[in-house]
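Peer 1: Show me the folded form of this:
(chains A and B)
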Amino acid sequence: MKSYINARSVIVVLVALGLVLLPAYSALTGDIFILTLFTRIVIFALAAASLNLIMGYGGMMSFGHAAYLGIGGYAVGILAHEGIGSGFIQWPVALAVSALYALVIGALSLRTRGVYFIMITLAFAQMAYYIASGLSRYGGDDGLTIYKRSTFGGLIDLSNRVQFYYLCLFCLFGGVFLIWRIVNSRFGLVVQGVRSNEQRMQAIGFHANRYRLVCFVISGTICGLAGALLANNTDFISPAGMYWTRSGELMVMVVFGGMGSLFGPVLGTIVFLLLEELLSQFTEYWALIMGPLLLLIVLFARGGIMGLLGRFSRG
Amino acid sequence: MLVLVEQSLNGLQFGLLLFLLAAGLTLVFGIMDFVNLAHGSLYMMGAYFAATFVAWTNSFVLGILLALGATLLLGILLEFIALRHLYGRDHLDQVLATFGLILFFNDAVRLIWGPAGLSLPLPAWLTVPVQIVPGVFYPAYRLSIIVVALAVAALLYIVVMRTRIGMLIRAGASNREMIGALGINIKLLFTLVFGLGAALAGLAGLMQAPILTVQIGMGENILILAFVIIVIGGIGSIRGAFMAAIFVGMIDTLGRAFLPDLLRTVLSSAAASTAAPALSSMLIYLLMAIVLVVRPEGLFPAAKR
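Peer 2: The predicted model follows:
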C-alpha cells in the first residue's frame, strides 16, 4: 500500500495550514504587509496551477498565459468603468471571455507542436497585449484604475483585507481541487495519454486534439479567474501585466515548484515571490541573483521543489 | 510616391536589421536545437558596448569594431559557462534558463550603466542626407545600415553555402548525431556557431543604437519579432529567415505608415485613429498566425532545403 506520510505530503499540509492561518498571524503581530504579500502570492499560485494543468499534464507549453490574467482583469476593469460594479456580472463575464479567447487561440495553436506551439501562443498573447494598448477609452498604454472593487450584494466585502484574502484562498483551493478531479478523471487520463503517446491514443479512437482543446480552455478559464482577482487586488489593470515576460514568470513558478505535480506550482509561486521580495529588500538588483539562480535550478534541480522533496523522502 | 519610396527603404532597413538578429537565432536553433531567449540580451549588450566604446575611443568606427568583438567574446563566454550544459535538454528547460539570463543581464546593465538610457551620437559624415534618385533624399546612416546588412547577409550566405565550416553547419542543422559520428569536434563547432550568432545579434544592436535610445530591456521587444521571423521562415533556414525578415520589416513599417489613412477610407476618422496603432502592431502577429495555420512548419522549412 502506498504510504501517504512522506516529506512531500507533510510539507503540502503544513503550507496549506499556514495559508489558512495567515490572517490570524497577521492580526496577532499587526503585520499587515504579510497579508498583502500573500494575497498576491495566492492569486499567482492559482494562475500557475492553471498553467500546470496544460503544461504539466497535457504537455502543452503555453507561453501566453499572461493574456488570461489581462483578459480577466480587463473584463472587471471595463465593466467597473462603465458603471457595472456587481461581481455577479463582472466575474462570469471575465470567465466567459477568457474561455472564448482560449477556445479560439487553442483551436488555431493546437495545429502546431513543440516550439511552434510555444511561439504561436506567445504571438497570440502579444496580440492581446497590443489590443489592450489600443483601448484608448480604457487608458491605453497607461492602464485603467479601478475605483471600486467588485461588489457581491453585501455577501463579501472585497475591500476588507481578510475577507478578500480568504476569497482568493478559496479560489486557489477550489482551483487545485478542480484540477485534481480533472487529472484523475477519465478525461484527464486521456489528456495525459495523449501527452505520452499521441499516435496510440488516436489509434484507440480518441480525438486527441478535442481533448487537448477542452483542457486548454479549462486552463485559460481558471487563469481568467486569477486575472479578475488580480485586478481587484491592485485596483488597476494595464497592458504591462500582459507582456510576454509575465508569461515567462508564470512558467518559472510552475517549473520552480515541479511541473505535473498538483501542489508544485503553489509551492513554486510561494518560493519564487517570497524570494523576489526577500532579495529586493536585500538589494535593489535582486534579478542579478534570481537570474543565475534560475539557471542553476534548471541545471541541477530537475523536477523542482517537489522533485527535491521526492528525492529526500525516498532517502 | 516619395513617401512610399522612403517608407519602403525604412521597411527594408528594418527588415535587414531583423534578419541579422534572426539569422543568429535560427542558426543556434537549427543546429543546436537550442531556444535562446537571451539572444535579445546580446543585442542589448551590443548597443551598450557600442555607446561605451565610442565614447571612450572618440572614434565611431573603432568603437563599433570593439563593441562587435566584445559581444562575440561575451557570447562565447556565455556558451562556455552556462549554455553548453543545456543542449539536449527539452525546450522548456532552455526557455527557463535563458529567461533567467534575461533577468540577470537587465539588472547587470542597470548596475553598471545606471537606469537611464544612453545615446550614441553619429559622426558628422553619417548624418548627411544622400540623394538616391533625383529629388529623393535618404539619411546616410540608414543607407549604410542597408549596405552593411546586405554585405553581412551575402557573407553569411557564402560562408554557409561555400565553405567547409558552412558545410558542417548545414550538416549539423539536418543531422547533429551524424557529424559527431564523422569525428567533427562538435563542441567547438557549437561554440563557434554560438559566437557567430552573438556577434550578429550584437551587430544588429549596435547598428540600431544611434537610431533609438540604448536602454534596458530593448532586446525583449525585438527578440519576439525575431522569433516571429524564424517561425514564419521555417526554423533553421537562413533563406527563410531572410525572406521573412524583409517581409516582416516591410509589413510592419508600411503598416504603421499607411494603415491609418487606409482605415480612414472605410471607417470614421475617430475610429480609424483608435484602431490603427493597435492593428499595425498586430499585423505581423496576425501574419504569423495565418502562416502557422496554413503551413505549421513555416514557409521555407530547413529540412526540404
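Peer 1: Contact partners for the closest residue to chain B within the stretch 1-150 of chain A?
Peer 2: Taking Cβ to the nearest Cβ, chain B has its nearest neighbour within the stretch 1-150 of chain A at A:Gly134, 2.5 Å off. Using the backbone N, CA and C atoms, a C-beta is placed for each residue, glycine as well. By Cβ atoms under 8 Å, 6 or more residues apart in numbering or on different chains, the contact set of A:Gly134 is A:Gly140, B:Thr274, B:Ala275, B:Pro277, B:Ala278, B:Leu279, B:Ser281.
Peer 1: burial of the fifth one, as a residue count?
Peer 2: Neighbour count for B:Ala278, taken as other Cβ atoms under 10 Å in any protein chain shown: 18.
Peer 1: Figure out the helix or strand that it lives in.
Peer 2: Taking DSSP states H and E as the criterion, B:Ala278 maps to helix B:269-294.
Peer 1: which of the residues in that helix are buried?
Peer 2: By 16 or more other Cβ atoms under 10 Å in any protein chain shown, the buried positions in helix B:269-294 come out as B:272, B:274-285, B:287-289, B:291-292.
Peer 1: and stretch A:270-288, what's its mean pLDDT?
Peer 2: Stretch A:270-288 shows a mean pLDDT of 89.
Peer 1: For it, output the C-alpha coordinates as CSV.
Peer 2: In CSV, the C-alpha atoms belonging to stretch A:270-288 read as follows (Å, rounded to 0.1, in the frame of the first residue of the first chain):
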residue,chain,number,x,y,z
ILE,A,270,5.3,31.0,-2.9
VAL,A,271,9.0,30.4,-3.1
PHE,A,272,9.5,32.5,-6.2
LEU,A,273,7.6,35.5,-5.0
LEU,A,274,9.0,35.3,-1.4
LEU,A,275,12.5,35.1,-2.8
GLU,A,276,11.8,38.1,-5.1
GLU,A,277,10.5,40.0,-2.0
LEU,A,278,13.4,38.9,0.2
LEU,A,279,16.1,39.7,-2.4
SER,A,280,14.6,43.0,-3.3
GLN,A,281,14.8,44.0,0.4
PHE,A,282,18.4,42.9,0.5
THR,A,283,19.4,44.6,-2.8
GLU,A,284,17.8,46.7,-5.5
TYR,A,285,19.4,44.4,-8.0
TRP,A,286,17.5,41.2,-7.0
ALA,A,287,17.3,39.9,-10.5
LEU,A,288,21.1,39.8,-10.6
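Peer 1: how distant is it from the center of its chain?
Peer 2: In terms of Cα atoms, centre = their mean, to the nearest Å, the centre of stretch A:270-288 is found 20 Å from the chain centre.
Peer 1: how about it, does it reach chain B?
Peer 2: Yes - using Cβ under 8 Å from any Cβ of the partner chain, stretch A:270-288 reaches chain B at A:Tyr285, A:Trp286, A:Ala287, A:Leu288.
Peer 1: Look up how far A:Ser98 lies from A:Asn233.
Peer 2: Applying Cβ to Cβ, to the nearest Å, the value for A:Asn233 to A:Ser98 is 17 Å.
Peer 1: Neighbour count: these two, which is higher?
Peer 2: More neighbours surround A:Ser98 than the other of A:Asn233 and A:Ser98, with 29 against 19 (other Cβ under 10 Å).
Peer 1: Now for the closest residue to the more buried one other than its chain neighbours, how many residues are close by?
Peer 2: Leaving aside its sequence neighbours, A:Ser98 sits nearest to A:Gly224 (Cβ to Cβ, 6 or more residues apart in numbering or on different chains; 2.6 Å). Using other Cβ under 10 Å, A:Gly224 has 31 other residues around it.
Peer 1: State the helix or strand in which A:Gly224 lies.
Peer 2: Per DSSP H and E, A:Gly224 falls inside helix A:208-234.
Peer 1: Can you name the next helix or strand after that helix?
Peer 2: Later in the chain than helix A:208-234, the nearest helix or strand by DSSP H and E is strand A:236-237.
Peer 1: tell me which strands and helices that next one is in contact with?
Peer 2: Judged by 3 or more Cβ pairs under 8 Å, 6 or more residues apart in numbering or on different chains; DSSP states H and E, strand A:236-237 is in contact with helix A:66-81, strand A:144-145.
Peer 1: Wasn't A:Leu178 part of a helix?
Peer 2: Yes - the assignment for A:Leu178 is a helix, going by DSSP: H, G, I helix; E, B strand; the rest coil.
Peer 1: so it makes contact with A:Ile222?
Peer 2: Yes - here A:Leu178 reaches A:Ile222: they are 7.3 Å apart, a contact under Cβ atoms under 8 Å.
Peer 1: Count the neighbours of B:Gly117 for me.
Peer 2: 15.
Peer 1: Next: A:Leu53.
Peer 2: Residues lying near A:Leu53 (other Cβ under 10 Å) number 29.
Peer 1: So for it, what's the nearest residue that isn't a sequence neighbour?
Peer 2: Spatial nearest neighbour of A:Leu53, chain neighbours left out: A:Ser219 (4.6 Å); criterion: Cβ to Cβ, 6+ apart.
Peer 1: wait, what's in contact with the one you found?
Peer 2: Shown in contact with A:Ser219 (Cβ under 8 Å, 6+ apart): A:Ser50, A:Leu51, A:Leu53, A:Ile54, A:Gly58, A:Ser62, A:His65, A:Ala102.
Peer 1: Report the contact partners of residue 257.
Peer 2: Let's take chain A. Neighbouring residues of A:Gly257 by Cβ under 8 Å, 6+ apart: A:Ala48, A:Phe263, A:Gly264, A:Pro265, A:Val266, A:Leu267, A:Gly268, A:Thr269, A:Val271, A:Gly304, A:Ile305, A:Met306.
Peer 1: hmm, I had chain B in mind actually
Peer 2: Counting by Cβ under 8 Å, 6+ apart, B:Ala257 touches B:Val3, B:Gln7, B:Asn10.
Peer 1: Could you turn the buried ones of those residues into a ChimeraX selection?
Peer 2: In ChimeraX, this line selects whichever of these come out buried by 16+ other Cβ under 10 Å:
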select /B:7,10
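Peer 1: Just the ones in helices from the contacts of B:Ala257, please.
Peer 2: Those of the contacts of B:Ala257 mapping onto helices are B:Val3, B:Gln7, B:Asn10, per DSSP state H.
Peer 1: Next up, the contacts around the last one.
Peer 2: By that I understand B:Asn10. Counted by Cβ under 8 Å, 6+ apart, B:Asn10 has contacts B:Arg142, B:Thr253, B:Ala257.
Peer 1: how about the residues you listed in CSV, adding pLDDT?
Peer 2: Formatted as CSV, the contacts of B:Asn10 follow (pLDDT from 0 to 100):
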residue, pLDDT
B:Arg142, 90
B:Thr253, 91
B:Ala257, 87
